[in-house]
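*Asks:* give me a 3D structure for the following:
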Amino acid sequence: MTDSAHHKSETAFGDAVKTVSHDELKRAIRAAARWYAVLQSPSVTPADRQGWQAWMLQHASHPLAWREVEQVQASFTRVPGEIALPALRDAAISRRELLRRLGIVVVATPMAATAWRLKPWLGWQAEYTTGTGEQHSLTLVDGGKLILNTASAVDVRYSPDARLIQLHRGEIYIETAPDSPAQNRPFLVATPHGSIQALGTRFIVSLDGHHTTVTVLEKIVRISPIAGGEQRDLESGQQLRFTSHSIAPTVSAGSYAGSWLNRSLTVVDMPLRELLSELSRYRRGILSCSDDVAGLKISGAFPLDDTDRALNAITRAFPVRELRLAGFWVRLTSL
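*Replies:* Got it, this is the predicted structure:
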C-alpha cells in the first residue's frame, strides 16, 4: 500500500470510529476477542467461520473492532515475552485505553518442544508417561496417533481381539486409523470408569479420580460405563462426563476444546478460579485465588510451558495482585 493510500485508509478508519459510540465499540471488541479465540482453536468448524463472517456484517462497529484485535495481536506477537491482546475489564475506561486493552488475554509464545521420557517405574508401571508440563506424541502401529498431555500415563495393548489404550491418569488425544481388513479389531480406550469405543474418529479422553470426560472432535464414539447399563453415542462437537455407574448429560464441547494440542490453553469467558485450576495442571505447586476475584471472566490463549507468564498477564490486565511463597504457592487476590 502506498503512503497516500495508507493515509486514506487510516483517515477512513478514524472517521468510522467517530460514528460508533463508546459502548458499541466496547461490546464489539469483547465479541471480536471471543471470535478471535474461536477462530484460533484447532477444532474451528466451517460453521464457526460462517458465524464470524455473519457477525462482521451485522454492525459498523464489528469490522472496526476486528481490525483492532488483529493489529494489536500482530504487534505483540513481534515482541517476545509481552502480552498480546490484554484483557478487557468491566470498568469504564477511555476510548484510547479501550483500544489498548482489547477484551482477551493472549500470551503469544508457543510452548517449546517438551521433554518426554519412558518412565516404567511411574504411573503404575505404565508403558508411556509424561511429567508435569510435558506432552508426547506417538504413532500407533496401525497408523493412528496418540498424544499424551501433561502428567499422563497409558498402556498400549494391541491383541488379536482389540486395539486397546489403557488410560491410567491424565489426558490423551486419539486420532484413529482403520485396522487391516483381515483383522478389523475395535479401537477402545479404557479408564477405571468404563470404555470408549472409537467409530473412526478424533477425540480426547481426560481422567480424574471421580470421572472420565470425553470430547469428540470428529465423528462418533460410544461410551460404556464399567458397571453396565446405559450406553451412549457421542458425536462431533459434544462432550460428557461419566462414572462407573452413570453418564452425565451431553453438552457442547465449545469451539476451543482441545486447544492444548497446540500447546496452549484457549478459553472463552472462563472464571478465574477455573482457569487457575487448569493452569495448575502444567506446573508444580499450588495456584489459588480469593473468593472476591474467583468469578472474573477471562478469554484468551495462554502458553502451557510458562504459566508464570500467564499469571503475569492476568495481574497486568485485571485488578488482581499475586502473592507468592517461595515460588511454590501462588495466590491471586484483589488489589
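*Asks:* report the secondary structure state of Q183.
*Replies:* coil (DSSP: H, G, I helix; E, B strand; the rest coil).
*Asks:* please report the distance of the closest residue to it other than its chain neighbours from A182.
*Replies:* Closest residue in space to Q183, ignoring its immediate chain neighbours: P160 at 7.3 Å, by Cβ to Cβ, 6 or more residues apart in numbering. For glycine as for every other residue, the C-beta is placed from the backbone atoms N, C-alpha and C. P160 is 11 Å from A182, where distance means Cβ to Cβ, to the nearest Å.
*Asks:* equivalent analysis for T139, please.
*Replies:* 21 Å.
*Asks:* between these two, who's got more neighbours?
*Replies:* Taking other Cβ atoms under 10 Å, T139 and A182 do not tie; T139 has more neighbours (11 against 5).
*Asks:* for the more buried one, give me its contacts.
*Replies:* The contact partners of T139, by Cβ atoms under 8 Å, 6 or more residues apart in numbering, come to 145-146.
*Asks:* so it bridges to which residues?
*Replies:* On the basis of DSSP bridges, T139 takes part in beta bridges with K145.
*Asks:* which parts of the stretch 51-200 of the chain are helices?
*Replies:* Ranges of helices in the stretch 51-200 of the chain, per DSSP state H, counting those that start in this stretch, are 61-77, 95-100.
*Asks:* which one of these has the lowest average pLDDT?
*Replies:* Lowest mean pLDDT within those: helix 95-100, at a mean of 43.
*Asks:* so where is the stretch 201-335 of the chain shaky, pLDDT-wise?
*Replies:* 255-256, 326-327 (pLDDT under 70).
*Asks:* so what's the backbone phi/psi at the nearest residue to I247 once chain neighbours are set aside?
*Replies:* In space, I247 comes closest to R232 once its chain neighbours are excluded; the distance is 5.3 Å by Cβ to Cβ, 6+ apart. The phi and psi values for R232, taken as degrees, to the nearest 10, are phi -150, psi 140.
*Asks:* just the one 5 residues further on next, same as before
*Replies:* Note on G237: backbone dihedrals following degrees, to the nearest 10 are phi 80, psi 0.
*Asks:* out of everything not next to it in sequence, what's closest to it?
*Replies:* That would be A253: by Cβ to Cβ, 6+ apart, it lies 5.4 Å from G237.
*Asks:* per-domain residue ranges of this protein.
*Replies:* The record, using automatic domain parsing to delimit domains, assigns the chain the ranges 3-107, 128-252, 259-334.
*Asks:* now for L287: which residues touch it?
*Replies:* L287 neighbours (Cβ under 8 Å, 6+ apart): 276-277, 279-280, 307, 311, 330-331.
*Asks:* can you tell me which of the residues you listed is nearest G170?
*Replies:* S280 (13.6 Å; Cβ to Cβ).
*Asks:* from T333, how far off is the closest one?
*Replies:* Counting by Cβ to Cβ, the gap from S280 to T333 is 17 Å.
*Asks:* so for the helix or strand where R34 lies, mean pLDDT?
*Replies:* Using DSSP states H and E, R34 maps to helix 22-39. Confidence for helix 22-39, expressed as mean pLDDT, is 72.
*Asks:* same check, this time on stretch 169-180
*Replies:* The model assigns stretch 169-180 a mean pLDDT of 92.
*Asks:* correct me if wrong: the residue nearest to G237 contacts Q239.
*Replies:* Yes - with contacts counted by Cβ atoms under 8 Å, A253 reaches Q239, the gap being 4.1 Å.
*Asks:* so what sits against both of the two?
*Replies:* In contact with both A253 and Q239: 215-216, using Cβ under 8 Å, 6+ apart.
*Asks:* more neighbours: which of those two?
*Replies:* The residue with more neighbours, out of A253 and Q239, is A253; 22 against 19, by other Cβ under 10 Å.
*Asks:* can you pull the contacts of the more buried one?
*Replies:* Taking Cβ under 8 Å, 6+ apart, one finds 43, 215-217, 237-239 in contact with A253.
*Asks:* would you turn the residues you listed into a markdown table with distance to R321 and secondary structure?
*Replies:* Formatted as a markdown table, these follow (distance: Cβ to Cβ, whole Å; DSSP: H, G, I helix; E, B strand; the rest coil):
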| residue | distance to R321 | secondary structure |
| --- | --- | --- |
| S43 | 35 | coil |
| T215 | 34 | strand |
| V216 | 40 | strand |
| L217 | 38 | strand |
| G237 | 38 | coil |
| Q238 | 39 | strand |
| Q239 | 34 | strand |
